[in-house]
Structure formats: structure tokens, C-alpha cells
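1. Show me how the following folds:
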Amino acid sequence: PNGMGRALELSPHALLLVRIRLGPDHFPMIRFALFLILSGQVSAAQPLPLPEETPWNLPVLKQVPDFQWLSQKGGVHSLAYAGEKYRGKPTRVFAYYSSPRTLGKDGDARVPAIVLVHGGGGAAFSKWVELWAKRGYAAIAMDLAGRGAGRRPLSDGGPDQGHEFKFKTIDEPVENQWSYHAVANVVRAHSLLRSFTDVDEGNVALTGISWGGYLTCMVAGVDDRFKVAMPVYGCGFLRENSVWKASEFGKMTEAQSDKWHRLWDPSRYIGSAKMPVIFLNGTNDFAYPMDSYARTCALVQGEKNYSIQIRMRHGHIFDFPEFFGFVDQYLRAGTPMPVVARPVIKAGQLIVTVQSNTRLITANLHYTTGPHPENKTREWKSLPLNVDGLMIRGAAPPKEATVWYVDVQDERKFVVSSEVMGVR
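-> Okay, here's the model as predicted:
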């Protein structure tokens, strides 16, 4: 029983956490497992089923694609692998790859790995894979704009990444549309990465930035081989509220909007994610507002965590410290990031429980009373909360708050937050 008179059904993931032999050494693990379950960080529900039909042939995408090395000089190598047909013609996808081995570090051990997905206006970034390789990971970053080294167009590349390729092709066959190719090429990159001899194929993370975060939300639902997924900024429900609501969806017919949402909105896929999903975004993001973001996060049925930050910069920024803390937790058995339970309001007071193996330094309530369409410009207010060990207390947000959340900073200076609250 959960203490409220009803039985608590545990998901397979939760059962794995708690199905352990009782003994004094296991009590901390049991407490942590029960905290995750009761706080909502691990749901009793099963992942949502994928739509009956998806645009991709997933069994084919999970096979190792044909590829060739273009350069194996230096610490960052380049390659090209087979993509999907575009307008009836075969395509190649350019990518950079780096690992401790390519950097010249000794050792035959297989290492954890990560797939890196760029955002709009981006490309395959060599410095991104090198950054992770220096941290002990194998990393692959592919180009999703039909371009190669130096952003030069490939003669056999897929679609470019401009908005005309993302939105205005909606009446064409799915094989001519950017999202179809982008998702497929991320999954193919994962399949290729897993085949490399220096990669621990069962220990791979996925992350993407902006449009790459959008893709990460989709891929997390269709490729269950990842150990953890970490979308940055990107989310679903784009036609309900996003920077493209008027400029793109507002110019579509109702039928076109419905088709785009059905095929390409992350809300159709992220609920099927079977791995932990880590959400990072800023309060005033110009593209992915908090209401659409909160609705996207709520679809994930399993383990999840958050780092929502006040006016977090938007861009191809690769070194936010929380990125490394979260991925190290799942792929290198690093010290877990704090987990902030769903906040509770009682008699005008805010009460929040935190699970943490590290000392909490500060906690804050952040809220706004501004409307969701003004996500980019609305003002946020921050109030300090009292930290008493793993308990957080303080004044509740005002009733007129349209969005609010609680964050904590631990002794490592990592910022972790609760889910986004108040969105209706």
C-alpha cells in the first residue's frame, strides 16, 4: 500500500529497483527507489505505445549502415554513412567521430558513448565530439543538412535544414521531408556507433540541442537502445505554442497542420521512451515555451529529471556542467544528480523533498504571472527557500502564477529542478 489506501503498481523499471534482497546495506537503495516512485520521478505506468504506423522502417534503421572513413588523421576522424533515399536517390550522411582511442590514449577497454545532434543552423561539430572524447566517451556527431566538411553541400546529401524543408514540404511524400531524414540519420548514427570496437554498445547516451533537442525527443521514443536521453530546449506541441505557431503553422491549412503534428511532432513519440529522460531548458526560451515544454515532459512515463534555469542561454553551447553530471550518472555510475520531488503546497507553505547524495547549498522558488504567448519576454521572480537537509520549505507561489518550479544547487554547483508546475 502507498499509505493512502490503494495498492501501488510498479513498472518493470521500478520493480528492478526494489526487487533486491532486504538487508542493512540495501536500505539506502530501497529508500531511493521508493522516493523516485512516490515522487513521480519513476512512474507506475508503462511507456505509451508508439503510433500504429510510424514513417520509419525501424528494424532496418537499427542495422549497421554502410560507411567509409574519410579521414583518420588526428584525434577527430570523419566518415560518411548511408542515409535514406531522398527524392528517389541514395544519400550519404557526413559525421565526425572521436574517442579516447582516437586521441591516442592507451587501453583496450570499451568506453561509454554518446550521439550528439545539432540544432538549427548547426552542423556536425568536431569540437563537440572531441569534448566528450576527452571526458572518456566515444562520440559521433552527424550533419543533418545534407552537407559535409566545412558545411559544403554533398552531391548525394539529404535535405537542407531550412524551414522550407521542415514545414513547407508537408504535402510531399514523407521521404522528401526533413524530419523523416533527420530522425532516421540519428538512429543510423547510433547503429554505426554501437558497431565500433572501442564502444560499449549497451552504454550509449543521446543528446541534442534546439532542433536537435526536438529530434532527441522523437528518437528517444523510437530507438529504445539508448541508456539515457537528454533533450536540450527542444519539445513538442509546437503548433499549440512555439516560435513557429504563427509563422509556419498559421500559414497551413487545418489538414496540413494535423498531418505535420501527426507525423513530426515529438508529442507523438516521446511518451514511448523506455530510458530515463533528462530535460534542460531556460525559462524564457524564444522557441520552446514552458507550457509546451511541461506538457512534453509529462508524457514521459518512466524516470526523468530536470534542470530548468532562469534565462538559460540558447545556442550550440556544449559545456553546461549539468550535461556532464547527468550523463556521467547513467553511463559511468557517477554520483547521482539530486532529484526534486513534485512540490506540495499546504496552508500557504511550499514543501519539497529532495533525494541527494550531495549536500544542498541553496533552493529557490521561481515563478511568473505572465501569459504563455509571451514566454520570451515575461518577467520571472525568484524567492529563496529554506534548506533543511533534504527538506525545502518556504512561501508558496501566488495564485496568479502561470508557471512555477523549484530548483536546488548542490555542493558541486549543479542546478536541478522540479517539474514545471501550474501549466493547465
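2. Tabulate the CA atom coordinates of the helix or strand containing Arg393 in CSV.
-> Per DSSP states H and E, Arg393 falls inside strand 391-395. Presented in CSV, the C-alpha positions along strand 391-395 are these (Å, rounded to 0.1, in the frame of the first residue of the first chain):
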residue,chain,number,x,y,z
MET,A,391,13.7,19.2,3.0
ILE,A,392,12.9,22.5,1.3
ARG,A,393,10.3,24.9,2.8
GLY,A,394,9.1,28.4,2.1
ALA,A,395,6.3,30.6,0.9
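3. What pairs with it, parallel or antiparallel?
-> strand 349-355 (antiparallel), strand 386-388 (antiparallel) (DSSP bridges).
4. so of those, which one's packed in deepest?
-> By mean neighbour count, with neighbours taken as mean count of other C-beta atoms under 10 Å, strand 349-355 ranks first of the strands paired with strand 391-395 at a mean of 18. Quick note: C-beta positions are derived from backbone N, CA and C, even for glycine.
5. what is the mean pLDDT for that one?
-> Strand 349-355 carries an average pLDDT of 98.
6. quick one: pLDDT of the closest residue to Phe326 other than its chain neighbours?
-> The shortest distance from Phe326 to any non-neighbouring residue, by C-beta to C-beta, 6 or more residues apart in numbering, is to Ile278 (4.7 Å). At Ile278, the model reports a pLDDT of 98.
7. Give me the helices and strands touching whichever strand or helix holds Ile278, please.
-> According to DSSP H and E, Ile278 maps onto strand 277-282. With contacts taken as 3 or more C-beta pairs under 8 Å, 6 or more residues apart in numbering; DSSP states H and E, strand 277-282 sits against strand 228-232, helix 290-299, strand 304-309, helix 321-331.
8. Paired strands for the helix or strand just after the longest one, with orientation please.
-> Downstream of helix 321-331, the next assigned helix or strand under DSSP H and E is strand 339-340. On the basis of DSSP bridges, the sheet neighbours of strand 339-340 come out as strand 349-355 (antiparallel).
9. Tell me the helix or strand right after the partner strand.
-> According to DSSP H and E, the helix or strand after strand 349-355 is strand 360-368.
10. could you point out which element follows that next one?
-> Toward the C-terminus, strand 360-368 is succeeded by strand 381-384 as the next helix or strand (DSSP H and E).
11. Go through that following strand and flag the buried ones.
-> For strand 381-384, the neighbour count (16 or more other C-beta atoms under 10 Å) marks Leu383 as buried.
12. and the residue nearest to Phe326, how many residues sit next to it?
-> 27 (other C-beta atoms under 10 Å).
13. ok, it - contacts?
-> By C-beta atoms under 8 Å, 6 or more residues apart in numbering, the contact set of Ile278 is 228-231, 304-307, 326.
14. Who wins on neighbours among the residues you listed?
-> In the contacts of Ile278, the most neighbours by other C-beta under 10 Å go to Pro231, 33 neighbours.
15. Touching, it and Ser210? I think so.
-> No - Pro231 is beyond contact range of Ser210, at 9.5 Å (criterion: C-beta atoms under 8 Å).
16. So Ser292 versus His372, what's the distance?
-> Using C-beta to C-beta, to the nearest Å, Ser292 is found at 8 Å from His372.
17. coming back round to it: dump the helices and strands packed on strand 277-282 into JSON lines; add distance to Ile361 and mean pLDDT as well.
-> Shown next, in JSON lines, are the helices and strands packed on strand 277-282 (distance: least, C-beta to C-beta, whole Å; pLDDT from 0 to 100):
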{"stretch": "strand 228-232", "distance to Ile361": "23", "mean pLDDT": "98"}
{"stretch": "helix 290-299", "distance to Ile361": "25", "mean pLDDT": "98"}
{"stretch": "strand 304-309", "distance to Ile361": "15", "mean pLDDT": "98"}
{"stretch": "helix 321-331", "distance to Ile361": "14", "mean pLDDT": "98"}
